[in-house]
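Engineer: Based on what follows, work out the 3D shape:
(one chain, ligands or ions: 1)
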Amino acid sequence: MIVILVLISGSIYAILCFCGLNLYLKISTCGRALVDFAVLTLSKYGNQIHCLGWVSDISECLCNICSFCFLTLFSMFTMFAVHFVPNLTIGAPVIESLRKHTKAYLDCHLMVTNPLDYVEALAKAGASGFTFHIEVSKDNWRELIQSIKTKGMRPGVSLKPGTPIEEVYALVEDENPVEMVLIMTVEPGFGGQKFMPEMMDKVRALRKKYPSLDIEVDGGLGPSTIEMAASAGANCIVAGSSIFGAAEPAKVIAILRESVASPRVHRPVVGDLRFLLLLYVVELLPLISSLVRFDPALASIGQWI
Ligand SMILES: O=C(CO)[C@@H](O)[C@H](O)COP(=O)(O)O
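Structural biologist: Numbering: from 1, shown residues only. Prediction:
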């Protein structure tokens, strides 16, 4: 009887574990912020599944079921950590650890409902850019931009596929503007989704209106989609699976880099013109001054001016 009970409970437990694992794997792909959590969950479940191999009596089995329930509750609470506690799985502590090993630009895209709460911690951790979502910042974007700049980071604003591009115009045109606009080319939440070409209308509209603005695209970008984004005017590319899933990631990075660096892309026209003008002035000044100094005829012209 006990053997049958153990077998039945063990099977139920195995099914629960399997479902639980799948559930967590699915939930854990809800954004980069939960990736560490997925690893953590996997290793915990790894131990539990391993235990199943030597379940030998009913008490052991019950004990495993109890720990399964505990893990479920614990993990479920953790899933909502983004909303309930001021910490993220990939948040300030991870940025801080990365910063110790690199001087690279650390571009932080906050898919959270309360970005203001993370400005201070991310700045302290060494973040370079801080991009928030317009959908959750309609009432406090000025305060957010100010706070991001005060803390020495570069502010950016992001918009989901369903949000009209017009919603970010005010933030770019403000006297204290954002310095980058991130156009999501997938519905935020999962890596590995299909690129949405219809988002290129937003990129084109933005590039036409703001020739020198940094325009970032994120989601489904790789060698087969980069041309669309680059020729529409995007100059900052976020790519996940196309790089990490590639046999030769360096090659993919080179292709992406080359596409946005090619002359087809709208260069920051206003910035370039200013630079050219400065070059002319700097280069011509010594020439003019030497002519005025050494050519008596020109020197007299100089007197008239
Ligand atoms: O964070 C998100 C979406 O939520 C994006 O950054 C994607 O995760 C990019 O991944 P790929 O689409 O390149 O795999």
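Engineer: Can you point out the buried residues in stretch 186-197?
Structural biologist: By 16 or more other CB atoms under 10 Å, the buried positions in stretch 186-197 come out as 186, 188, 191, 195, 196. All C-beta atoms are positioned from the backbone trio N, CA, C, and that covers glycine.
Engineer: Kindly report the same for stretch 218-225.
Structural biologist: Applying 16+ other CB under 10 Å to stretch 218-225 flags 218, 219, 220, 221, 222, 225 as buried.
Engineer: ok, the nearest residue to residue 114 once chain neighbours are set aside to residue 176 distance?
Structural biologist: Nearest residue to residue 114, sequence neighbours excluded (CB to CB, 6 or more residues apart in numbering): residue 136, at 7.5 Å. From residue 136 over to residue 176 the distance is 19 Å, taken as CB to CB, to the nearest Å.
Engineer: cool, and residue 237?
Structural biologist: Distance from residue 237 to residue 176, by CB to CB: 27 Å.
Engineer: Which one's more surrounded, the two?
Structural biologist: Using other CB atoms under 10 Å as the criterion, residue 237 and residue 176 rank with residue 237 on top: 20 against 10.
Engineer: Quickly check: stretch 100-108 near the ligand or not.
Structural biologist: No: when contact is scored as CB under 6 Å from any ligand atom, no part of stretch 100-108 falls within range of the ligand; the minimum is 10.6 Å.
Engineer: ok, residues contacting that stretch?
Structural biologist: 95, 98, 99, 122, 126, 127, 128, 129, 130, 131, 156, 238 (CB atoms under 8 Å, 6 or more residues apart in numbering).
Engineer: Now stretch 128-135: buried residues?
Structural biologist: Under the neighbour-count criterion of 16+ other CB under 10 Å, stretch 128-135 has 128, 129, 130, 131, 132, 133, 134 buried.
Engineer: Can you list the low-confidence ranges for the stretch 201-305 of the chain?
Structural biologist: In the predicted model of the stretch 201-305 of the chain, residues 263-305 satisfy pLDDT under 70.
Engineer: Show the end-to-end separation of stretch 174-184, please.
Structural biologist: 22 Å (CA to CA, to the nearest Å).
Engineer: Counting neighbours, which bits of it end up buried?
Structural biologist: Within stretch 174-184, the residues that qualify as buried are 178, 179, 180, 181, 182, 183, 184, counting by 16+ other CB under 10 Å.
Engineer: from memory the third one sits against residue 216, does it?
Structural biologist: Pointing back at residue 180 there. Yes: assessed by CB atoms under 8 Å, residue 180 is found in contact with residue 216 at 5.9 Å.
Engineer: Give me the phi and psi angles of whichever residue of the stretch 201-305 of the chain sits closest to the ligand.
Structural biologist: Nearest residue of the stretch 201-305 of the chain to the ligand, counting by CB to the nearest ligand atom: residue 240, 2.9 Å away. Phi and psi for residue 240, reported as degrees, to the nearest 10, are phi -110, psi -80.
Engineer: Was I right to think it contacts residue 192?
Structural biologist: Yes: using CB under 8 Å, residue 240 is in contact with residue 192, at 7.2 Å.
Engineer: For residue 242, which residues are in contact?
Structural biologist: The contact partners of residue 242, by CB under 8 Å, 6+ apart, come to 221, 222, 223, 252, 256.
Engineer: Can you tell me the number of residues neighbouring the nearest residue to the third one once chain neighbours are set aside?
Structural biologist: Beyond its immediate neighbours in the sequence, the residue positioned closest to residue 223 (CB to CB, 6+ apart) is residue 255, lying 4.9 Å away. Using other CB under 10 Å as the criterion, residue 255 is surrounded by 16 other residues.
Engineer: Over to residue 127?
Structural biologist: Around residue 127 sit 27 other residues, with neighbours defined as other CB under 10 Å.
Engineer: in the sheet, who's paired with the nearest residue to it once chain neighbours are set aside?
Structural biologist: Of all residues not flanking residue 127 in the chain, residue 108 sits nearest, at 4.6 Å (CB to CB, 6+ apart). The partner list for residue 108 in beta bridges (DSSP bridges) reads residue 130.
Engineer: hmm, back to that, now, the buried residues of stretch 174-184 that are in strands?
Structural biologist: 180, 181, 182, 183, 184 (DSSP state E).
Engineer: What score does the third one have for pLDDT?
Structural biologist: When you say that, I think you mean residue 182. If you check residue 182, the pLDDT there is 96.
Engineer: so who does it touch?
Structural biologist: Residue 182 touches 109, 131, 156, 157, 158, 159, 216, 217, 218, 236, 238, counting by CB under 8 Å, 6+ apart.
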